[in-house]
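# based on what follows, work out the 3D shape:
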Amino acid sequence: MSEPGPESLPTSADPRSKRPTKRRAVTPHSEHASEIKTLFKDPSKELRIPTAAKDRTVASLSAPPEIVTNVQGSSAGAGSGEFHVYKASRRREYERLRGMQDAIDKEKSDEQWEKEREEAKKKDEEKTDKNRRRREKKKAARGKQKNGNAGDDGMDIEGPAPGMKKNPNAPGVRSGEQTAGADAQQAEEVPGVIIHDDD
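This next block holds a predicted model:
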C-alpha cells in the first residue's frame, strides 16, 4: 500500500484543487448556522429584519368579477389549459369565503369576550359594594358601642375588663401615663425563686 499523501486526498478536499466543493443538501440547522456565521463576519453591518407578513382579509382580496364571460363547465371539449384557470378561480373564491367566515368568527368571539368581561366586572363591583356596606355597618356599630357603653368610671369598651389591672409597660400605654392600679402593681412583688450567690 502506498503512503497517505496529497495524492490520496479526494480532489474536492485537496486545498490545491480549484474545483468547487460538492454542495450537500441544506438542513435547517446548517442554513441557520451559515446565516449566523455571515452575521458575525461583519458585526458593524446593520441588520435588516423583514417585516411580518400581513394577514389576508376580505378587504385585501380582489372582489369577484361582476360578469363572468368565460364560464367553465364540465364539458368534454374543454382544453387542458382550462383546468388551471378553473383551479385558480376556485382557490380565490374559497379564500374569499374563508376570509368572510374568519371575520364572522372573530366578531362573535370578540362579542363573547366582551360579554364575559362585562359580567366579571359587574360581579366584582357587586362584591365590592357588598363588602363596603358590611364595613360601614361594622364601623357604625362600633361607633354606637363606644358612645353608648361609656360608663360612670369613663372606661370604654377598649379598656381592660373590670377587676383587671392595667399594665403600664403595655405597648398601648404612653410613658408618664399612670393609672390607679399601676402604683399598686409596682408595689407588689412577683413571687418566685430567689437565688443568692455565695461569694
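# so where do the helices sit in the chain?
Remark: helices assigned in the chain by DSSP state H are 28-41, 80-148, 180-187.
# low-confidence ranges in this structure?
Along the chain, the parts satisfying pLDDT under 70 run over 1-15, 20-22, 70-78, 149-191, 199.
# dump the helices of the chain into TSV; add mean neighbour count and distance to R16 as well.
Just so you know, the C-beta spots here come from the backbone N, C-alpha and C atoms, and that holds for glycine as well. As requested, the helices of the chain are arranged in TSV below (neighbours: other CB atoms under 10 Å; distance: least, CB to CB, whole Å):
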stretch	mean neighbour count	distance to R16
helix 28-41	9	25
helix 80-148	11	52
helix 180-187	11	107
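# relative to K18, which of the ones you listed is closest?
Distances from K18 to each of the helices of the chain were compared using CB to CB; the shortest belongs to helix 28-41, at 22.3 Å.
# ok, S60 touching A53?
No: between S60 and A53 no contact is recorded; they are 11.4 Å apart, counting by CB atoms under 8 Å.
# the helices of the chain into a markdown table, with extra columns for distance to P64?
As requested, the helices of the chain are exported to a markdown table (distance: least, CB to CB, whole Å):
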| stretch | distance to P64 |
| --- | --- |
| helix 28-41 | 39 |
| helix 80-148 | 7 |
| helix 180-187 | 97 |
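# out of those, which is closest to E66?
When the helices of the chain are ranked by proximity to E66 (CB to CB), helix 80-148 comes first, at 14.3 Å.
# circling back to that earlier point, show me which of S60 and A53 is the more surrounded one.
A direct count of neighbours by other CB atoms under 10 Å for S60 and A53 places S60 higher, at 9 against 6.
# how close does E35 get to P43?
Applying CB to CB, to the nearest Å, the value for E35 to P43 is 14 Å.
# out of the helices of the chain, nearest to I194?
Closest approach to I194 among these is made by helix 180-187 (17.9 Å; CB to CB).
# K45: what's it in contact with?
Counting by CB atoms under 8 Å, 6 or more residues apart in numbering, K45 makes contact with L39.
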